[in-house]
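# model this:
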Amino acid sequence: MGDTELHAQRRPRMPGEGEGSRPVSRKLRVRQSQTVVPFGVGAVFDIQGESFVATGIGDWPGKGRQKVESARLASRLGVTGFYAAPATANDRYDTPDAPGVPYIRFPSWLFCGACRRMKRWRIADEKPGQPPRCTSCSPGRTLAPMRFVQICAAGHLGDIDWWFWAHSRREAGERRQCGEREKLRFLVSERASGLEALSVSCSAKDCGATRDLLDILGTHGMRCSGRNPWQRANEATECVKPVQVVQRTAGNLYYPVTHSALDIPETDVRAHDDDVVAERVRQHDLWVPLCRDAGKPRAAMYREVIAEDTGADEDLLDALLREETGQAPAEFGDTASAPARPDLSREEWAAFTAPTPPATRDFALRETTLGLESETQEPWVGLRRGLGRIVLVDRLREVRALSGFTRVSPDAVAVPADTARRLRWLPAVEVFGEGIFLTLDRSELADWEADMGVRQRVAGMNADLGRSFQKDRLEALTGPELAPRFVLLHTLAHLLIRQLSFESGYTTASLRERIYARSEQDQYGILVYTAAGDAEGTLGGLVRQGEPPRLAETLLRMAEAAAWCSADPLCAEHTGQGFGNLNRAACHACALLPETSCEAGNALLDRALVVGGEHVSGYLETIVTAARAAAATALEQP
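Below is the predicted model:
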């Protein structure tokens, strides 16, 4: 996939003038895949010293959008389909006025680094192909965006009222005497450091109000505009949420709500029709009352009881209700937030574990082994006993869609990608790649999960999860109950990705995980894969590492490396670390990955469940012990 032209203030960015009068070729572009993550709708994007925010998909051009097919994901999200941003076909032959995804300039308050004057930039000031310039300096200096903006938990983003900030130490009567609202300066003092050295001053005649930025961050009783920068004034709502002032690049300014699905062929194993859990739901005493009262307040109570008694997840209950009542999925535009994250693992697990793997052009599998059939010595025998099915994914296609975003915290009110709530499609991107799918041995896993020490350790993590602000998001991955297998498989995927990054040539940021660990669906596997925007996919290096005997050697080295962390014994003995204490023995030195690689945001990890700890049995503990003994024996031999 290529780039997409970056539009500013709903006008195309054209080649323009550089500093002074020297003409330069200036195009602002963003990668097509980045229009979903990390610079999707609502995200602030810095480029070449300028700052923009991505507008809602209602402002996307009608021409040039590329259809992205994913019927399964569209059905689960209740939308009609997906579109990718218009792409520039070729750097040499592209059209200067080619339509692109709109990004408008934000914040609108800019300042000159020479004269320190502040300027409120408006659409009428925009000149195609030229950055904003100071009209008071000669030659005109490029204006820089202010560093601070305001957000609220309702998902709104706006400029700080810098005039109010400069006059905030004065009485209301004194403030009213200043009639100039845009004669401001952004000053830097040489007598102080940090935020105390920065101040906003009013240069209006007979005013001189000023205030430094020492305590700018946080809440100050400012009013929320009730909208995002790309929304029109008539789209503003009455917002009573407290405003928070943050840096323009702060981590809590933007949390995208994304969904991902593999393009898998239809299989004979259906998700609901012949499923044992679905049959238990239909036989439940409250199933008929739930179908009769669907949509009423009491339905939530019925659902909770049925889910607890049968082990059915929310996604399964929704599907069965649609089958029974004939109701279509809820209209995306009618909800107050983006759709909940659906469970898409059921069909993917069925495809990977089918006796005869299904195959299409974009989903090519072949089963293999660890190559340890003739081994009779430990640790190889133990490794063969602990692992189950190994499947090499020569080609896969993944669709990543953006349904909305939140601000302040991940569990805040979600703003849909179409803020006008008129469209039934979502922005998405397709990527192609390869991967390695492996499962644990079912009986060995069951015996390990029955261990009381294991269950107690995971129960403590489950209690922390229940108190966490990430509870709803993570339960969409773990299922209604955090099972020991999820923490084990999740940690195993992280450790394997870190080890593969040393041996396959891929960086950790280019490898991703998919965890199949829902105990109610009898899942017990992981997929480690890489994908790229090019239609040809990747080069096969990851699949090569999955062929025998390379994968067995990689797994053994992974287990040995995981048994020791440079932060031990602190890391190994930790009773809770990470956001909300959701991790145990897992830190940046041993188990954490880049956020783009992890489904669960680097939460619910515990290295001790893999290699063992002081009070818990690890699934691969006997393999690590045997490997150490074999190494010691080899050293003792002459």
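
# List the backbone torsions phi and psi for residue 111.
phi -140, psi 160 (degrees, to the nearest 10).

# again with residue 198
Torsion angles, degrees, to the nearest 10, at residue 198: phi -100, psi 140.

# What of residue 539?
When quoted as degrees, to the nearest 10, the phi and psi of residue 539 stand at phi -100, psi 0.

# cool, residue 385 as well?
phi -70, psi -30.

# can you tell me which residues contact it?
Residue 385 makes contact with 441, 444, according to CB atoms under 8 Å, 6 or more residues apart in numbering. (Each C-beta comes from the backbone N, C-alpha and C, glycine too.)

# Next one: it, what pLDDT does it get?
Residue 385 is assigned 95 on the pLDDT scale.

# what are the pairing partners of the helix or strand harbouring residue 434, and which direction each?
Using DSSP states H and E, residue 434 sits within strand 425-440. Using DSSP bridges, strand 425-440 pairs in its sheet with strand 81-84 (parallel), strand 387-406 (antiparallel), strand 525-532 (antiparallel).

# the inter-axis angle of the next helix-or-strand element following the shortest one versus strand 425-440?
It stands for strand 81-84. Downstream of strand 81-84, the first helix or strand assigned by DSSP H and E is strand 101-105. Taking axes from the mean of the first three to the mean of the last three CA atoms, to 10 degrees, strand 101-105 and strand 425-440 form an angle of 110 degrees between their directions.

# Which other helices and strands does strand 101-105 contact?
Here strand 101-105 touches strand 3-8, strand 50-54, going by 3 or more CB pairs under 8 Å, 6 or more residues apart in numbering; DSSP states H and E.

# now the protein, which segments are flagged as low pLDDT?
1-27, 88-98, 266-275, 323-341, 535-537, 638 (pLDDT under 70).

# Using TSV, lay out the strands paired with strand 425-440 together with distance to residue 629 and mean neighbour count.
Formatted as TSV, these follow (distance: least, CB to CB, whole Å; neighbours: other CB atoms under 10 Å):
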stretch	distance to residue 629	mean neighbour count
strand 81-84	53	21
strand 387-406	20	22
strand 525-532	28	23
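
# So which of these is nearest residue 316?
Closest approach to residue 316 among the strands paired with strand 425-440 (CB to CB): strand 525-532, 19.4 Å.

# How about residues contacting the closest one?
With CB under 8 Å, 6+ apart as the criterion, strand 525-532 contacts 348-349, 352-353, 388-389, 393, 396, 398, 431-440, 489, 492-493, 496-497, 500, 506, 510-517, 537-538, 542.

# what's the answer for stretch 417-430, then?
With contact meaning CB under 8 Å, 6+ apart, stretch 417-430 is reached by 1, 32-33, 35-36, 40-41, 56-58, 60, 68, 70, 77, 79-85, 228, 230-231, 235, 331-334, 338, 397-405, 533.

# Give me the distance between the two termini of that stretch.
18 Å (CA to CA, to the nearest Å).

# Give me the buried stretch members for it, please.
417-419, 423, 425-430 (16 or more other CB atoms under 10 Å).

# Between those, which sits nearest residue 591?
Of those, the one sitting nearest to residue 591 (CB to CB) turns out to be residue 429, at 28.5 Å.

# Columns distance to residue 481 on top of the buried residues of stretch 417-430, output as CSV?
As requested, the buried residues of stretch 417-430 are exported to CSV (distance: CB to CB, whole Å):
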residue, distance to residue 481
417, 32
418, 35
419, 36
423, 37
425, 35
426, 30
427, 34
428, 31
429, 33
430, 34
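
# farthest pair in those residues?
The farthest-apart pair in the buried residues of stretch 417-430, when distances are taken by CB to CB, is 419 and 430, at 24.4 Å.

# measure residue 617 to residue 449 for me?
11 Å (CB to CB, to the nearest Å).

# ditto for residue 534
Counting by CB to CB - residue 534 and residue 449 are separated by 41 Å.

# Could you work out the end-to-end span of stretch 376-384 for me?
OK, stretch 376-384 end separation, CA to CA: 10 Å.

# just stretch 158-168 next, same as before
With CA to CA applied, stretch 158-168 spans 18 Å between its terminal residues.

# how about it: buried residues?
158-167.

# Next, format the strands paired with strand 425-440 as a markdown table and append distance to residue 562.
Listed next are the strands paired with strand 425-440 as a markdown table, based on distance: least, CB to CB, whole Å:
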| stretch | distance to residue 562 |
| --- | --- |
| strand 81-84 | 38 |
| strand 387-406 | 15 |
| strand 525-532 | 15 |
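
# out of these, nearest to residue 548?
Among these, the nearest to residue 548 by CB to CB is strand 387-406 (8.4 Å).
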